[in-house]
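Trainee: Sequence plus the predicted model coming up.
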Amino acid sequence: MNEDLKYKIMLPGGWAIVSFAESCDKISLNGIKIKQKQYLTEGKYPVVDQGQALIGGYFDDEKLIVPGKPPYVIFGDHTRVKKYINFRFIAGADGVKVLKPFAFLNEKLFFYFLHCIKLPDKGYARHLQFLEKTDIPLPPLSEQHRIVAKIEELFSSLDKGIESLKTAQQQLKIYRQAVLKWAFEGKLSNKNIVEGELPDGWQNKKINELGRVETGTTPSKKNPNFYSDEYPFYKPTDLNAGNNVVSSTDGLSELGIKEARFVPASSTLVTCIGATIGKTGFIKKGGGFNQQINAIIPSKEHNPKFIYYQAVSPDFQKQIQNNASATTLPILNKGKFENLTMVCCLPEEQQTIVAEIESRLSVCDKIEESIEHSLKQAEALRQSILKKAFEGKLVPQDPNDEPASVLLARIKAERESNKAETLRHRQTKKKKVHS
């Protein structure tokens, strides 16, 4: 058996083993694939490629439809994506492999089996070669149908549970944003709030009135002596940790930090250029930062976390989007950034608001952690179902089922007979031509 399988298969009675090459036909796509830039947003025929989406686009040329009758199984040679396609389609882009299981193998069962194979991640290299080294456990045909029905019954229940968990995740995201919105409307620290008005003593201030604003720089890459691990060097990707940025991918030396702009711990870093504009982090260690980022270094009378949470609030993020240049690459320069506004209140109330935010968000974090754990368990259960299916433990065997070996032998005999008949027909035709 192939070592890539996640389990060793003890075949039940009536089962057989076939190689991958014996299990399916690889449909030729020569001359009928289209490039991604040719995709239409609407059209007569769906385009299926090796991307994550079931349908990548559309196209209108009937001559390019993949031959054969659905269903098909798609394998992404580069991406390792697997798709079950039960409609006619046009193949898109490079790396699409269209597989058509032979008559002795249920198409859905073949599709599910592909999800049991542990494929190495070779990046954008080819991966079909690893599938081709795999042997496939083959149940009797009737049992195949029963296995597929049971898998789909169990997966249906599992998918409903996963959908509920993902809905809860989305609701948590909405609640987090609502907490931040309420906080900076004064609703977490004041009882009597007039909608649309700030509480007494609150006022709007420009960012440069709350502290210092700096734009980062990148020391020359040509000098390797600027880079080491003595100081963090923050880039937008390092801000994914949100309010707990404690490290960076790259670092600077003592010499390098003098070439960069140093930003102290408890500063708020905001990405102000590119697709991730608005991504924000609260750093726990001072260091340098690159030119895609503007830093807010709050003055002593302003709580650093009060500044951070306001920077990730819906209102401030909307200000960033509205003031960024409307180009292919959105940019918010330092001048515009430091003129954005935040609300300000007394330091004691700032501390109260931060404590209230963190109390509520910590509950969200615990719920989120529980949801993530449940989602991982669901994926493990999905693999367990497939494992049992191909061990013959998901549905009971029926001694009246025709053994897979008998089915294979009969199909082989039929193929040999068809070949012989075709050969006789050709020989008879040649004789008639020469007579």
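Mentor: Ah, there it is.

Trainee: alpha carbons only for contacts and neighbour counts from here, please
Mentor: OK.

Trainee: tell me the SS of Ile136?
Mentor: Following DSSP: H, G, I helix; E, B strand; the rest coil, we place Ile136 in the strand state.

Trainee: My understanding was that it contacts Glu22; is that so?
Mentor: No: taking contacts as C-alpha atoms under 8 Å, Ile136 lies outside contact range of Glu22: 9.3 Å.

Trainee: okay, the two: which has more neighbours?
Mentor: Legend: neighbour count by other C-alpha atoms under 10 Å for Ile136 and Glu22, higher for Ile136 (22 against 13).

Trainee: That one bridge partners, please.
Mentor: Taking DSSP bridges as the rule, Ile136 bridges to Val18.

Trainee: Quick check: phi and psi at Pro67.
Mentor: Note on Pro67: backbone dihedrals following degrees, to the nearest 10 are phi -70, psi 160.

Trainee: i'd like the first residue to be 689 from this point on
Mentor: That works, and once the first residue is 689, the last one we named lands at Pro755.

Trainee: which ones are touching it?
Mentor: Ile715 (C-alpha atoms under 8 Å, 6 or more residues apart in numbering).

Trainee: what's the answer for Arg900, then?
Mentor: Counted by C-alpha under 8 Å, 6+ apart, Arg900 has contacts Ala983, Ile984, Ile985, Pro986, Ser987.

Trainee: Can you tell me the centre-most residue of this structure?
Mentor: Gln740 (8.3 Å; C-alpha atoms, centre = their mean).

Trainee: What strand or helix carries that one?
Mentor: Using DSSP states H and E, Gln740 is not contained in any helix or strand.

Trainee: Find the nearest non-adjacent residue to it, please.
Mentor: Val769 (6.7 Å; C-alpha to C-alpha, 6 or more residues apart in numbering).

Trainee: From Gly1023, how far out is that neighbour?
Mentor: 46 Å (C-alpha to C-alpha, to the nearest Å).

Trainee: So between the two, which is more surrounded?
Mentor: Neighbour comparison, Val769 and Gly1023: the larger count goes to Val769, with 17 against 10 (by other C-alpha under 10 Å).

Trainee: helix, strand or coil for Lys1024?
Mentor: helix.

Trainee: pretty sure it is touching Asn1011, no?
Mentor: Yes: Lys1024 is in contact with Asn1011 according to C-alpha under 8 Å; the separation is 7.1 Å.

Trainee: which one of those two has more residues nearby?
Mentor: Neighbour tally, Lys1024 and Asn1011, criterion other C-alpha under 10 Å: the higher count belongs to Asn1011, 16 against 12.

Trainee: Report pLDDT for that one.
Mentor: Looking at Asn1011, its pLDDT stands at 96.

Trainee: Just give the nearest non-adjacent residue to Tyr922, would you?
Mentor: In space, Tyr922 is closest to Phe977, 4.4 Å off (C-alpha to C-alpha, 6+ apart).

Trainee: That neighbour and Val934: what is the separation?
Mentor: According to C-alpha to C-alpha, Phe977 and Val934 sit 13 Å apart.

Trainee: Of those two, which one has the most company?
Mentor: Between Phe977 and Val934, counting by other C-alpha under 10 Å, Phe977 is the more crowded of the two (29 against 17).

Trainee: domains for the protein, by residue range?
Mentor: Per automatic domain parsing, the structural domains of the chain span 689-826, 891-1032.

Trainee: ok so Glu831 is a helix residue?
Mentor: Yes: according to three-state DSSP, Glu831 belongs to a helix.

Trainee: average model confidence for stretch 1102-1113?
Mentor: Here the average pLDDT along stretch 1102-1113 is 68.

Trainee: what do you get for stretch 884-899?
Mentor: pLDDT averaged over stretch 884-899 gives 94.

Trainee: pLDDT below threshold where in this structure?
Mentor: Along the chain, the model assigns pLDDT under 70 to residues 689-697, 1106-1123.

Trainee: tally of neighbours for Cys712?
Mentor: 19.

Trainee: mind listing what the residue lying closest to it once chain neighbours are set aside touches?
Mentor: Residue nearest to Cys712 in three dimensions, not counting chain neighbours: Pro789, with 3.9 Å by C-alpha to C-alpha, 6+ apart. Applying C-alpha under 8 Å, 6+ apart to Pro789 gives the contacts Ser711, Cys712, Asp713, Tyr760, Glu795, Phe798.
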